[in-house]
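Predicted coordinates and the sequence they were generated for:
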There are 4 protein chains.
Amino acid sequence: MIIVMKPHAKPESVQRIKNMIESKGLDAHISNGKEVTIIGVVGDKSKLNDQNLEIFDDVDKIVPVTESYKLANKKFHPEPSLIKVGNTVIGGDSLVIMSGPCAVESAEQVLATAHAIKKSGAQILRGGAYKPRTSPYAFQGLEEDGLKLMKEAKDETGLSVICEVTSLAAVEAAVKYVDMLQIGARNMQNFYLLKEVGKTGLPVLLKRGLSATIDEWLNASEYIIAEGNPNVVLCERGIRTFETATRNTLDISAVPVIKEKSHLPIIVDPSHATGVRKYVKPLAMSAIAAGADGLMIETHPDPASALSDGPQSLTFEQFDLLCKELRPLANLMGKKF
Amino acid sequence: MIIVMKPHAKPESVQRIKNMIESKGLDAHISNGKEVTIIGVVGDKSKLNDQNLEIFDDVDKIVPVTESYKLANKKFHPEPSLIKVGNTVIGGDSLVIMSGPCAVESAEQVLATAHAIKKSGAQILRGGAYKPRTSPYAFQGLEEDGLKLMKEAKDETGLSVICEVTSLAAVEAAVKYVDMLQIGARNMQNFYLLKEVGKTGLPVLLKRGLSATIDEWLNASEYIIAEGNPNVVLCERGIRTFETATRNTLDISAVPVIKEKSHLPIIVDPSHATGVRKYVKPLAMSAIAAGADGLMIETHPDPASALSDGPQSLTFEQFDLLCKELRPLANLMGKKF
Amino acid sequence: MIIVMKPHAKPESVQRIKNMIESKGLDAHISNGKEVTIIGVVGDKSKLNDQNLEIFDDVDKIVPVTESYKLANKKFHPEPSLIKVGNTVIGGDSLVIMSGPCAVESAEQVLATAHAIKKSGAQILRGGAYKPRTSPYAFQGLEEDGLKLMKEAKDETGLSVICEVTSLAAVEAAVKYVDMLQIGARNMQNFYLLKEVGKTGLPVLLKRGLSATIDEWLNASEYIIAEGNPNVVLCERGIRTFETATRNTLDISAVPVIKEKSHLPIIVDPSHATGVRKYVKPLAMSAIAAGADGLMIETHPDPASALSDGPQSLTFEQFDLLCKELRPLANLMGKKF
Amino acid sequence: MIIVMKPHAKPESVQRIKNMIESKGLDAHISNGKEVTIIGVVGDKSKLNDQNLEIFDDVDKIVPVTESYKLANKKFHPEPSLIKVGNTVIGGDSLVIMSGPCAVESAEQVLATAHAIKKSGAQILRGGAYKPRTSPYAFQGLEEDGLKLMKEAKDETGLSVICEVTSLAAVEAAVKYVDMLQIGARNMQNFYLLKEVGKTGLPVLLKRGLSATIDEWLNASEYIIAEGNPNVVLCERGIRTFETATRNTLDISAVPVIKEKSHLPIIVDPSHATGVRKYVKPLAMSAIAAGADGLMIETHPDPASALSDGPQSLTFEQFDLLCKELRPLANLMGKKF
């Protein structure tokens, strides 16, 4: 941590900070510049409440030099993590595709989808049983009944299954049925929920919050890992910007940035990122070319009648075609699919 | 709802949509324009899953004409709501100030603060017992012990008290001690939690999410009211933008926009909006001049040693001075304080 | 400037940077921390091309500690600047109101407006002769004929006049007619134009760009001042965010932040910030309460038939009422109006 | 255009609008809904000043149904445009790479770069002679001397050359030396300059503004085409968001959205989008996979000593390697390179 003093800071202001730092067992390195003095703090900065240094006299600003996340940080864990979900491995040289409906609606819908996506090559079935919806009057999900339908589909097809959880009650139900838990974008900083999914030990797909920086996202993953659960996969699904041509703005740069800063795998969800079916394929392609470890893509037997997010869902035929087009690209990128 | 067709949409595409709309018991008004055809849907649009119309052939876009929130909507409830919290009324011609530390740390801190802010004119004591923090390694709050300290301060000073809740467990604990529940920015779309605080019937302060539109915010309030709890106060606390000179960007326009669209009271939190102590006063003044019903302002006996958000906290002396400066402005705006 | 090295940076990487810095006649202070080494650069950093240090081996990041603007910086010019426009002074204890139509349309319109706003207390007449419009098919302004009408209104009423300039040709024409030049938001980083208005010596109103940080805005003012023209007034007019309830988001915090970082006066334009007439008054009030030195407010004899930005324009009656309501607030804030 | 009335709008308010519309020779289709009345305007909406309808009594909002750009609109020009620059065609089945330094610094630098990029497969040499820089104290470019160096490189290698123009003077100089003019992000809404480059008839690369919507971007292209110059190529180079891990956020969705809305070719600039050399390759790959028609990539013989934007520049070796990796991907996407 670096403390930048204001121009013409009084020597006693600098001395007071130096004394405080040393009283905590840390070292203070002082550089007297032409215009400003800076103080480098050397040692374990958790001994300081760094923010509050800002209100000492003559302090201009505080500059952190190390990230606050440790367990998710590539600096301390250089090898990429491989996360096992049922028989599937996420990360490394495999490309994983999760697919299925936004919301679980019926046994027919889920089973038909499971068979179709399996045939096209997807490894994991997704389906929402607890749906966070902007309006209280929109369909809120089948809850535990939906989880049971996902389990049936898993038993019948051998696919692994993932469901979003939105409360402790949902976590307690979901662990009985699914292979992987999903934390949605709106709950990325629901720290209470992050700890709860951390305690389960199950693999967790952590979606990026609509306005979360990459740094905050990795800190959110740290909440899960700090509970003893290292099985975290990140999912970029678009951030909120001023542009309205797409529902969100897919931050494709997040893929290489995460690969640079963390060892966790990252997948991309082009369906939620755009909200528009015809943009799913180009963004799925771009995600793989950028180095993503997988994709989450919405499919539905009849998108026009879907109870949630129909306009972005692919039909089975469209999904099958997409998988066929993805395959040579995945191979070119050194990914098995 | 209006359906805008693509140029050169086929007549049969228009007919198919018309049939579908009418099959739901709604009316379809068709306008054939020079370039495009539009279809106005007349009737209760909840009979349609409006989004999925987008994937009918030749549809260009869907334009909603009515808001999805009803109970929070001024159109259906033109009189401003007055929300009672203990002996204090929020809304109407009163100006309410909530103040206290970001995090409850000790009995001494909370009691000293309660006495100080009461003397300066604040009506409600705030203090966090459950703290959502970006990093899992930062102080997370005293939890129920913190709630007890808030209750003690209430009993000793007669101030009403408000605490943030972050989980069902926190709600169940808080209802035993506090007069008002707070939903923080990060939980604004934690719909499960919104329903839970709705069920308590206690007044709820609903902070705006970092990237929530005003429309989403009002929809979030609708979740609480739909549980039979109309006692919602909104709190603008800054949104996330590209500007980094302040921690967030206070959206001061939200005050008149909420007054236009809703009957709910709105207060402003200049402390979290800026993260910088010296900007609290000008933004507090601007909030009142814009028509806000109150303020939430952080105070701490010793900001330099605060365990959370010290740099934005005022000392008691600074807070007292601020209240003295706010008073004539509040009166000018027709607010009692 | 501070250079933060990666963890485990090689000693020779550090040495190479130290050598380079010293070869430029600067000093390098090295602090070896527990996790990382930092290098403080002491001296005139313009001797370095600071950005490119980032690609030396083992460099993690570069942290600037001083602002790149000097002439606009309060650190080197602590007294607030007073800018004279005709007989009016902007800054200090006066409140200045600029008002008039978005676009100059006719002699009748401009003269009627000039008389009306003068009567209500405004000191400066605004009116656009060169209009930057999103679509090439929208009204583009009367150009020099518009400037002449502004001059007529000035001669008849004694008001000072301000017009936006969008090209060198417009600057050359405008200096013959107006008292103050305006650089619009879209041209805030048209550096060529900034230099040209700098050369004129006339007072300049520099509007903030839609996505400009405060730091970039002050750097833009530096372009004007560096040409020998210190007569710059800043104008906050809303930034672009995700919120769509208002056309832009008024960044009210910019007022105190500018007062902290610069000696230049700052005014606020609530008309462009919101794009909605009914929000002009609350935002005008909030701007003054936040400490703004003035306001720019659109008025039009007949907003419904205005050729540009009608929906945000006030009628003369509304403007007169607004001025009456602003007066006691201005006085409370210690501003003469 | 659709006019949405407020609930309980008075019949005379509706009638007044209907009369006004019809007085302009247009038709008004009225739909009386359960909650609201909507008025569809049929005919050439340029006869109305659409915005000002908003201030008629009882109007809630105005919803445009057609885009304001026509010449750039795919609806009226379904075939993709092919833009010829020297011997190179941009659009269709070719992949075009523009490369070179951010700023032209010397003959050696430019010639070495031209030879190197040609060898690797690039078709167009870029190099800035007029540099828009945030600070007036940063290197501003060699101006016409820089243009001459670009011409020399063109003559020696046969590459086509592109330079940014920032003023009329720069346009007048550039047309003597270069094959394509570039409008930078900061000048995307410098409408005066857009008209000037339109008049030259030379191909224009129009970069997207930092906070420009895709709709505004296409309207900016319309300014150029409306001058009789259809030779416009769009360039996505990142937008401004809250994320700071990269300098800007590459909006990769812009590629398919532009392909959907316009017939103009679109290329991507991963160098400016990220500002970080190591992210250039993954984003270049993702752009091609998303369907981009080309790339603009910064290269420099010695990035560490570049006078502008060194940290994002590739060395010749890195660029050569990148081209080798792009080739099979381009071919997979059906692009010749």
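Structure's in. What do you need?

can you pull the pLDDT of the closest residue to residue A:48 other than its chain neighbours?
Spatial nearest neighbour of residue A:48, excluding adjacent residues (CB to CB, 6 or more residues apart in numbering or on different chains): residue A:24 at 5.9 Å. From N, CA and C alone the C-beta is placed, and that goes for glycine too. Per-residue pLDDT puts residue A:24 at 83.

So residue A:24 is in contact with residue A:45, correct?
No - using CB atoms under 8 Å, residue A:24 makes no contact with residue A:45, being 9.5 Å away.

of the two, who's got more company?
Ranked by neighbour count (other CB atoms under 10 Å in any protein chain shown), residue A:24 and residue A:45 place residue A:45 first, with 20 against 14.

From residue B:268, how far out is that one?
33 Å (CB to CB, to the nearest Å).

Now do stretch A:198-213: distance from first to last residue.
This stretch, stretch A:198-213, spans 21 Å end to end (CA to CA, to the nearest Å).

Does chain B have contacts with it?
Yes - with CB under 8 Å from any CB of the partner chain as the criterion, chain B is reached by stretch A:198-213 at A:209-211.

Could you tell me how far that stretch lies from the centre of the chain?
Stretch A:198-213 sits 5 Å away from the centroid of its parent chain (CA atoms, centre = their mean, to the nearest Å).

Which positions within it qualify as buried?
A:198, A:200, A:202-213 (16 or more other CB atoms under 10 Å in any protein chain shown).

likewise stretch A:328-337?
Under the neighbour-count rule (16+ other CB under 10 Å), stretch A:328-337 has A:329-330, A:332-333, A:335, A:337 buried.

if we look at that stretch, which residues are touching it?
A:93-95, A:97, A:121, A:285, A:288-289, A:291, A:293, A:326-327, D:289, D:328-329, D:332 (CB atoms under 8 Å, 6 or more residues apart in numbering or on different chains).

could you redo the last one with a cut-off of 10 Å?
With CB atoms under 10 Å, 6 or more residues apart in numbering or on different chains as the test, stretch A:328-337 has contacts from A:89, A:92-97, A:121-123, A:284-286, A:288-295, A:323, A:326-327, D:285, D:289, D:325, D:328-329, D:331-333.

how long is it end to end?
Per CA to CA, stretch A:328-337 runs 9 Å from first to last residue.

just stretch A:272-283 next, same as before
This stretch, stretch A:272-283, spans 11 Å end to end (CA to CA).

Return the distance of that stretch from the chain's centre.
Here stretch A:272-283 shows a centroid-to-chain-centroid distance of 18 Å under the convention CA atoms, centre = their mean.

Chain A: helices as residue ranges?
For chain A, the helices defined by DSSP state H cover A:11-23, A:107-120, A:144-157, A:168-174, A:191-200, A:214-225, A:254-261, A:270-274, A:280-290, A:316-332.

Please tabulate these in a markdown table, including the columns distance to residue B:79.
Shown next, in a markdown table, are the helices of chain A (distance: least, CB to CB, whole Å):
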| stretch | distance to residue B:79 |
| --- | --- |
| helix A:11-23 | 54 |
| helix A:107-120 | 45 |
| helix A:144-157 | 41 |
| helix A:168-174 | 37 |
| helix A:191-200 | 37 |
| helix A:214-225 | 40 |
| helix A:254-261 | 47 |
| helix A:270-274 | 39 |
| helix A:280-290 | 47 |
| helix A:316-332 | 51 |
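
rank those helices by pLDDT, which is bottom?
helix A:11-23 (a mean of 89).

Just checking the distance from that helix to the centre of its chain.
Using CA atoms, centre = their mean, the offset of helix A:11-23 from its chain centre is 41 Å.

List the buried residues in it.
So, applying 16+ other CB under 10 Å, buried residues of helix A:11-23: A:13-14, A:17-18, A:21.

can you check stretch A:59-72 too?
Quick answer for stretch A:59-72 (16+ other CB under 10 Å): A:59-60, A:62-63, A:65-72.

Find the pair from those with maximum spatial separation.
The most widely separated members of those are A:60 and A:71, with 32.4 Å between them, by CB to CB.

Does stretch A:28-40 reach chain B?
No - using CB under 10 Å from any CB of the partner chain, stretch A:28-40 stays clear of chain B, with a minimum separation of 15.9 Å.

tell me the mean pLDDT for that stretch?
What stretch A:28-40 shows for mean pLDDT is 80.

excluding its backbone neighbours, what's nearest residue A:27?
Per CB to CB, 6+ apart, closest to residue A:27 is residue A:42, 4.2 Å.

ok now do that neighbour, which residues does it touch?
Listed by CB under 10 Å, 6+ apart, the contact partners of residue A:42 are A:1, A:21, A:26-29, C:31-38.

got it, and residue A:252?
A:236, A:268, A:270, A:273, A:283, A:286-287, A:289-292, D:246, D:249-253, D:270, D:273, D:279, D:282-283, D:286-287, D:289-290 are the contacts of residue A:252 under CB under 10 Å, 6+ apart.

Is there a quick ChimeraX command that grabs whichever of the contacts of residue A:42 are buried?
Buried subset of the contacts of residue A:42, written as a ChimeraX selection, criterion 16+ other CB under 10 Å:
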select /A:1,21,26,28,29 /C:31,33,36,37,38
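
contacting residues around the residue in chain A that chain B sits nearest to?
In chain A, the residue that lies nearest chain B is residue A:211 (3.2 Å; CB to the nearest CB). Residues near residue A:211 by CB under 10 Å, 6+ apart: A:185, A:188-189, A:239-241, B:185, B:209-212, B:239-241, C:242, D:241-243.

related to what we said a few turns ago, tell me the one among the buried residues of stretch A:59-72 nearest to residue B:262.
residue A:68 (37.4 Å).

I'd like to know how many residues surround the residue nearest to that closest one when sequence neighbours are not counted.
Leaving aside its sequence neighbours, residue A:68 sits nearest to residue B:135 (CB to CB, 6+ apart; 4.3 Å). Residue B:135 has 20 neighbours, counted by other CB under 10 Å.
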